[in-house]
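**Student:** Predicted model and sequence below, questions to follow.
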Amino acid sequence: MSATVCSVNPPGHDWQNGLTCRWCHATRTVTEAILSQLSSRRGGNPADARELLDAYRAGVLAEVSTWLVKKAREFRAMGGETRAAQADAVAAMASKVDRGAVRANNLRMLPADFFESGHTYTHVDDGTDWKFRVDTVTTHPEDGERTALGWRHFWGQWEACAYGEDDYEIHLLVGTADVTEETSSPAAPDNDAVARCAHLARAIQQGGRWKSGTVVRWYEANGYVGLDVHTARHDLAVLRESGAIVQHDEKGVRYFTAARDGGSRG
């Protein structure tokens, strides 16, 4: 609640069964409103009201957990490595809900300590047109280090780019501002696109030389319908910038291999 005493009406706030005081425009949470309504009824008291509200909240969270478990089973039934990974992620969320991770004191927003998915950043007064639009944030499978994947705008051109945690610290020193609502750019990929890139990276790690045509054939073999060479080039660029693969340029041909095979990032 924004204020316990109404600054305009000394007798007290007048909520009018809502969330905003008609006099001073202070606000209260939905939880506070429900508790007030229940405890003010004949025979009601704050303790009983809190118990009822907690029971209702537990019931809602149980429904959410049940739905997540159902979705996890559906993903797993589809088969394939990508759907299995999605099923594991959804099942993990259901487990967190069951263990009580979703609670009021665990939902407060903290200052960001890394690039955030769906946000666009720029430098403050450095004389360039640098921008970075974050499509997703992924983590290293062993050490958990974060990498932001997206698109960087520099000297009038957009290009696929990846920044790690060390890069984030450097950009903070330069002076980075979140300008998400000010920047218009192509729509970010959905979760299926992110999962596809991760799946492709694992395939390339198995070895061989990969070109855009190779990737298109891999799409077809793995059930990614309707994707063409333009998508393949985009996915290869994202993986190159993330460091998962390296680019090789030889006379008349460009191909990519897993990072362990050497090469350059471009």
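**Tutor:** Perfect, thanks for sending it. Residues are numbered from 1 along each chain as shown.

**Student:** Check which helix or strand Ala237 maps to.
**Tutor:** helix 229-242 (DSSP states H and E).

**Student:** which other helices and strands contact that helix?
**Tutor:** Applying 3 or more Cβ pairs under 8 Å, 6 or more residues apart in numbering; DSSP states H and E, one finds that helix 229-242 makes contact with strand 146-154, strand 157-164, helix 191-204, helix 212-221, strand 245-250, strand 253-258. Every residue, glycine included, has its C-beta placed from N, CA and C.

**Student:** okay, the angle between it and strand 146-154?
**Tutor:** 110 degrees (axes from the mean of the first three to the mean of the last three Cα atoms, to 10 degrees).

**Student:** Off-centre distance for helix 229-242?
**Tutor:** Here helix 229-242 is found 20 Å from its chain centre; the criterion is Cα atoms, centre = their mean, to the nearest Å.

**Student:** average pLDDT for the helix or strand hosting Asp54?
**Tutor:** Using DSSP H and E, Asp54 maps to helix 46-78. Averaged over helix 46-78, pLDDT sits at 84.

**Student:** Pick the most buried one from the helices and strands packed on helix 229-242.
**Tutor:** Mean neighbour count (mean count of other Cβ atoms under 10 Å) peaks for strand 146-154 among the helices and strands packed on helix 229-242, with a mean of 20.

**Student:** quick one: contacts of that one?
**Tutor:** 114-115, 117, 128-140, 158-165, 168, 185-186, 188, 194, 197, 238, 241-243 (Cβ atoms under 8 Å, 6 or more residues apart in numbering).

**Student:** Kindly give a single PyMOL line that selects the buried subset of those.
**Tutor:** Of the contacts of strand 146-154, the buried ones go into a single PyMOL selection, burial set by 16 or more other Cβ atoms under 10 Å:
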select buried, resi 115+130+131+132+133+134+135+136+137+138+160+161+162+163+164+168+188+194+197+238+241+242
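
**Student:** centroid residue for the protein?
**Tutor:** Geometric centre of the chain, nearest residue: Ser117, 4.9 Å, by Cα atoms, centre = their mean.

**Student:** could you list every residue that touches that one?
**Tutor:** Here Ser117 is in contact with Val134, Asp135, Thr136, Val137, Ala148, Ala188 (Cβ under 8 Å, 6+ apart).

**Student:** Assign it to helix, strand or coil.
**Tutor:** Following DSSP: H, G, I helix; E, B strand; the rest coil, the label given to Ser117 is coil.

**Student:** same check, this time on Asp88
**Tutor:** helix.

**Student:** Appreciated, that's everything.
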